[in-house]
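In: Fold the following, please.
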Amino acid sequence: MTSIEIKDLEKKCTEIRKDILVMADAAGESGLHFGGSLSMVEIAAVLYLKVMDINKENITSEKRDRLVLSKGHGVPAIYAVLKQKGILNEKDLQTFKSDNTFLYGHPCLNRNIGIEFSTGSLGQGLSLGVGTALALKYKNNNKPRVFVILGDGECNEGSVWEAAMSASKYNLDNLIVIIDRNNIQYDGYTKDVMPLNNLNLKWESFGWDVYEIDGHNIGQCYNLFSKSNSRPMAVIANTVKGKGISFMENIPEWHHSKMTEVQRKQAWEEINNGCCI
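Out: Numbering: from 1, shown residues only. Okay, here's the model as predicted:
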């Protein structure tokens, strides 16, 4: 990517964060998963806007790339990126979590808007990704790639590692896992809940090619997500939970919450002014 392209995508990431606030306004008293949505903005933007082959014209094509959002609570970031793709619009986002909406607090299968699977029960998304990647292999459909976004706290689940073993056994070189390593989960800091220690070595021991990046660095994200591999690939993306809003950053309570009016005004001001980005 050129420096101009990176700057353009950084501006789009600011717009994505604004749209997450739009959805927070729509959700009102029911709140929103701020922390994990804001931490994955750059990851989602690079995937959908620069790397994945998916758009309004091929959204149900067998040749499209697929994304499984295993950490389903981060879906506001995906909805906001789909607006950038022209698949959703401002009016759609304003219905988030409202009656008769199709934009729920966790993803609900709707391939017409690019939602590949219903997710939210943590630990299941990698199994869906493995099954999809394996099915594409069986069909000799070798063009599409399958991306799975995991939370780091989600890696506590044994089903993640069963799926990781399967991906290695079947040599799924069309499968890329991105771990949003923001170090916080619902119950608190991951180091306190269930220490993950060296994730790199864990994935490597399961037969994956493993890379580590700054998950907010657009150039680094692009270089790894667009890379071809001969084995399944895991990218550990170090991120900040609540990235972009100072009073949310690295605070476990903002995994899911609602803002006061004072906080709402501060959040909008900080995003508009580029604070903490």
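
In: What segments of the stretch 151-277 of the chain are strands?
Out: For the stretch 151-277 of the chain, applying DSSP state E, counting those that start in this stretch gives strands covering 175-181, 184-185, 188-189, 209-214, 233-238.

In: list the buried ones in the fourth one?
Out: Looking back up the chat, that one is strand 209-214. 209-213 (16 or more other Cβ atoms under 10 Å). Where C-beta positions appear, they are placed from N, C-alpha and C, glycine not excepted.

In: same deal with stretch 111-131?
Out: 113-117, 119-120, 122-130.

In: which pair in these spans the largest distance?
Out: Ile113 and Gly123 (24.6 Å; Cβ to Cβ).

In: circling back: identify, from the buried residues of strand 209-214, the entry nearest to Arg17.
Out: So of these, ranked by how close each gets to Arg17 (Cβ to Cβ), first place is Ile213, at 19.9 Å.

In: Check which residues of stretch 231-248 are buried.
Out: So for stretch 231-248, counting by 16+ other Cβ under 10 Å, buried means 232-245, 248.

In: Go through these and say which is closest to Trp203.
Out: When those are ranked by distance to Trp203 (Cβ to Cβ), Ala234 comes first, at 4.2 Å.

In: ok, Glu204 touching Asn198?
Out: No - the pair Glu204 / Asn198 is not scored as a contact, 9.2 Å apart, by Cβ atoms under 8 Å.

In: More neighbours: these two, which one.
Out: Between Glu204 and Asn198, counting by other Cβ atoms under 10 Å, Glu204 is the more crowded of the two (13 against 10).

In: confidence score at that one?
Out: What the model reports as pLDDT for Glu204 is 97.

In: Could you find the closest non-adjacent residue to it?
Out: Excluding the flanking residues, the one nearest Glu204 by Cβ to Cβ, 6 or more residues apart in numbering is Val210, at 5.0 Å.

In: Can you name the residues that contact the one you found?
Out: By Cβ atoms under 8 Å, 6 or more residues apart in numbering, the contact list for Val210 reads 200, 203-204, 233-236.

In: Distance to Lys85 added to those, as JSON lines?
Out: What follows is the contacts of Val210, written out as JSON lines (distance: Cβ to Cβ, whole Å):
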{"residue": "Asn200", "distance to Lys85": "32"}
{"residue": "Trp203", "distance to Lys85": "30"}
{"residue": "Glu204", "distance to Lys85": "34"}
{"residue": "Met233", "distance to Lys85": "24"}
{"residue": "Ala234", "distance to Lys85": "26"}
{"residue": "Val235", "distance to Lys85": "22"}
{"residue": "Ile236", "distance to Lys85": "26"}
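
In: What is the nearest of those residues to Gly219?
Out: Val235 (13.7 Å).

In: where along the stretch 1-150 of the chain do the helices fall?
Out: 3-27, 34-39, 41-46, 75-84, 90-93, 125-138 (DSSP state H, counting those that start in this stretch).

In: That concludes my questions; thank you for your assistance.
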